[in-house]
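K.L.:
Have a look; sequence and predicted model below, questions after that.
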Amino acid sequence: MATEIITMDDLEQFKSSLLADIKEVLSANQIAPSEKKEETTWLKSHQVQRMLGISPGTLQNLRINGTLPYSKIGGVIFYDRREILQVMEMNKRNSL
């Protein structure tokens, strides 16, 4: 079994090579801000209640009367954060 001795120069070369590879991978994965997809943030009922400062009953009424769109999966109700903000903007009153 042959033994190889690793010198400090070998380690420095390895480090430089590794850092160059990491920089290449990171730059390849970067997307310009204008190209980024806006991800949907799904909120649960309790998060929406906290966000809007409303009770569970009020949230239920907003669902029933169609004010807030939602998705229901396996008994759990989800709301799209962007849609909630859009509804808030559409219903804004007395804005300056």
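P.N.:
Arrived safely, thanks for sending.

K.L.:
Going by contacts, tell me the helices and strands next to the biggest helix by length in the chain.
P.N.:
In the chain, with assignment by DSSP state H, the single longest helix is helix 8-29. For helix 8-29, there is no helix or strand it packs on, judged by 3 or more C-beta pairs under 8 Å, 6 or more residues apart in numbering; DSSP states H and E. Quick note: C-beta positions are derived from backbone N, CA and C, even for glycine.

K.L.:
which is the next helix or strand following that helix?
P.N.:
The C-terminal neighbour of helix 8-29 among helices and strands, as given by DSSP states H and E, is strand 42-44.

K.L.:
check contacts around Ser55.
P.N.:
Gln49 (C-beta atoms under 8 Å, 6 or more residues apart in numbering).

K.L.:
Please give the centre-to-centre distance between the strand ranked longest in the chain and its chain.
P.N.:
Longest among the strand segments of the chain by residue count, using DSSP state E, is strand 76-80. Here strand 76-80 is found 15 Å from its chain centre; the criterion is C-alpha atoms, centre = their mean, to the nearest Å.

K.L.:
residues near Leu59, how many?
P.N.:
20 (other C-beta atoms under 10 Å).

K.L.:
Quick check, it in contact with Leu68.
P.N.:
Yes: assessed by C-beta atoms under 8 Å, Leu59 is found in contact with Leu68 at 7.4 Å.

K.L.:
Partner strands of the longest strand of the chain, with direction?
P.N.:
Applying DSSP bridges, strand 76-80 is found paired with strand 42-44 (antiparallel), strand 71-73 (antiparallel).

K.L.:
Distance of His46 relative to Ala20?
P.N.:
47 Å (C-beta to C-beta, to the nearest Å).

K.L.:
so how many other residues sit close to Ser45?
P.N.:
Applying other C-beta under 10 Å, we find 16 residues neighbouring Ser45.

K.L.:
Also Asp21?
P.N.:
Using other C-beta under 10 Å: Asp21 sits among 10 other residues.
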